[in-house]
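Chemist: build me a model:
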Amino acid sequence: MPGFGVKVPHPLGKDVAIERLRNFAEDIHQRHPDRVQNVRQSWEENHLIFSFATSGMSISGRVVVEDRLALVEGQLPFAALIFRGRIEQEIRSQLKELLK
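Modeler: Residues are numbered from 1 along each chain as shown. A predicted model of the protein is given here:
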């Protein structure tokens with residue numbers, strides 16, 4: 001499966017950033033309820049594991065929260081590869097908004 005990745009710097013420190021990202025996947029669903037379904041997320045220390053479906057395709061990944069950086073990496077089905085830029089842009093936009 002092809003991957004995707006996003007890096008978003010932030011000024012908050014790890015604990016505050018984690019608190020702001022507590023509902024990251026659900027926030028994406030609320031912004032796009034007609035396009036994002038089956039949202040799941042769980043936390044393991046400073047790693048947010050998430051998955052959701054869009055246009056009938058499953059997307060999964062993780063967000064690693066560090067003191068000054070949030071790193072997102074994930075997997076896309078081949079059929080979603082043409083949307084990788086748009087998916088990365090949406091995730092980056094959502095993270096910037098939550099971590100400002």
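
Chemist: check contacts around Gly3.
Modeler: Residues in contact with Gly3 (CB atoms under 8 Å, 6 or more residues apart in numbering) are Glu73, Gly74, Gln75, Leu76. To be clear about C-beta, it is placed using only N, CA and C from the backbone, and glycine gets the same treatment.

Chemist: repeat that with 6 Å
Modeler: Contacts for Gly3 (CB atoms under 6 Å, 6 or more residues apart in numbering) come out as Gln75.

Chemist: beta partners of it?
Modeler: Under DSSP bridges, the beta-bridge partners of Gly3 are Gln75.

Chemist: from Ala80, how far out is it?
Modeler: 11 Å (CB to CB, to the nearest Å).

Chemist: try Arg22
Modeler: 26 Å.

Chemist: quick check on the two: which one has the bigger neighbour count.
Modeler: Shown here are Arg22 and Ala80; by other CB atoms under 10 Å, Ala80 has more neighbours (20 against 12).

Chemist: what sits against the closest residue to the more buried one other than its chain neighbours?
Modeler: Spatial nearest neighbour of Ala80, chain neighbours left out: Met57 (4.8 Å); criterion: CB to CB, 6 or more residues apart in numbering. Taking CB under 6 Å, 6+ apart, we find Met57 in contact with Pro77, Ala79, Ala80.

Chemist: and His47, what does it touch?
Modeler: Residues counted as contacts of His47 (CB under 6 Å, 6+ apart) are Arg62, Val64.
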